[in-house]
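>>> Kindly generate the corresponding structure for this input.
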Amino acid sequence: MSIPTEPIGSIPRPPELMKAAQEMAVGRISLEAYREFVDQAVRETVEQFEATGSPVITDGEQGKPSFATYPIDGLPNLSPDGVIIPFADGHTRQLPRLTAGPFRYQTHADSYLETALRHAHVPVKAAVISASALSLLYPQKGIKGYSRDAFLLDLVREATADIRGCLDAGAHNVQIDFTEARLSLKLDPSQRLLESLIDINNRVLDQFSANDRLRIGVHICPGADKDSTHSADVDYAELLPSLFALRAGSFYIQLASEADRLRVLGVIRKHAKPNLRIFVGVIDPINPKIETAEEVRDRVLEAAEFIDPSRLGTCDDCGFAPFGDDTSTGRETAFAKIRARVEGTNLAAQELGIPAVGRTA
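Residues are numbered from 1 along each chain as shown. Purely as a prediction, here's the structure:
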């Protein structure tokens, strides 16, 4: 038995990669040239990730335009005027709107994973966007000749293929980013929207065997973009009981930045099924202060009072730069926080008499 510790996904992109993305967008460099920048950024990210001692890493999502839109970037049947997501500091992000069927992924997550696997010496996890998030692309007014039911059939098939491709390519595990879960309660306090989102994701999860689902987890948080959130003011206690209806093997739950962690842990203890692995967030990516290993240790020990250590894990609250243009956090800060997570988790494991899982960097 050990306490596993994993990142959530994104690492801030290096300036050279961000500049290359801008130049490709206006036609100054080719796609092939841009991919060389991506490969270099992934190589450097993997090296720095491994240097933290993290036993599991990601590709840092270096090649993704964002954690949410990577499957649809470049699709011709999209309009930019989709759902708007407001953040607490006043800035917004906007999803595109689907204009015609059929719905197909332009890019699958295994293409990013394969790049990381070429460079990595430790297990690599893959992060994928939830089918429920992409369901928001379908307009409320509908699409002539392409019903919502037909769209959902296509969406479930594509989302299933996204996960299956990563598992088959050699991912350590696959994390479904379900960050719109908490936001849905802000948009619809009746929870009907949340119920429909959970149903869509379960339609995807039902395509996998019980053994496969042990390698599939779900991540939730109140958003983390430009040091702001979209739904931190929504009561976690309204979300968590419904969340555990998802038929995944593990859950990655933002916790470090919560004002009342003990209350949230109590809700988790009450509602999480006994066979689930619960990864609790012990690092706050949008707080510039770098946590100490001792602070992380104390958060892990706090969680162990509510969750049996045999099914406890640790993670970051969210990715450090889920959107490709986010420069609010530096790469050095991100890797320093990751190192603190690994070291702090190992300190907690020692106090609990559990073998450490993190490598010594």
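
>>> any residues touching the one helix or strand Gly266 maps to, and which ones?
Assigned by DSSP states H and E, Gly266 belongs to helix 261-271. The contact list for helix 261-271 (CB atoms under 8 Å, 6 or more residues apart in numbering) reads 236-237, 240-241, 244, 253, 255, 258, 278, 280, 299, 302-303, 305-307. No exception for glycine: its C-beta is placed from N, CA and C like everyone else's.

>>> Just those: which are in strands?
Cross-referencing the contacts of helix 261-271 against strands under DSSP state E gives 253, 278, 280.

>>> can you tell me which of these lies nearest to Gln94?
Using CB to CB, Ile253 comes nearest to Gln94 of the ones in strands among the contacts of helix 261-271, at 26.9 Å.

>>> Distance check, that closest one against Cys318.
Separation of Ile253 from Cys318 (CB to CB, to the nearest Å) stands at 11 Å.

>>> Touching both of those two, which residues are there?
Shared contacts of Ile253 and Cys318 (CB under 8 Å, 6+ apart): 219, 281.

>>> These two: which has the busier surroundings?
Cys318 (30 against 25; other CB atoms under 10 Å).

>>> which residues touch the more buried one?
8, 179, 219, 221, 223-224, 254, 281, 285-286.

>>> Nearest the geometric middle of the protein, what residue?
Asp177 (4.0 Å; CA atoms, centre = their mean).

>>> what pairs with that residue across the strands?
Taking DSSP bridges as the rule, Asp177 bridges to Ile129, His219.

>>> Next, His172: secondary structure please.
Secondary structure state of His172, per DSSP: H, G, I helix; E, B strand; the rest coil, is coil.

>>> right, and Phe244 touches Ile278 too?
No: judged on CB atoms under 8 Å, Phe244 makes no contact with Ile278 at a distance of 9.7 Å.

>>> okay, and the common contacts of these two?
In contact with both Phe244 and Ile278: 251, 272, using CB under 8 Å, 6+ apart.

>>> Please identify which of those two sits among more neighbours.
Counting neighbours by other CB under 10 Å for Phe244 and for Ile278 shows that Ile278 has the greater number, 25 against 20.

>>> In contact with the more buried one, which residues?
250-251, 253, 268, 272, 307, 311-313.

>>> Also Tyr70?
61, 64, 107, 109, 112, 129.

>>> Mind doing that once more with 7 Å?
64, 107 (CB atoms under 7 Å, 6 or more residues apart in numbering).
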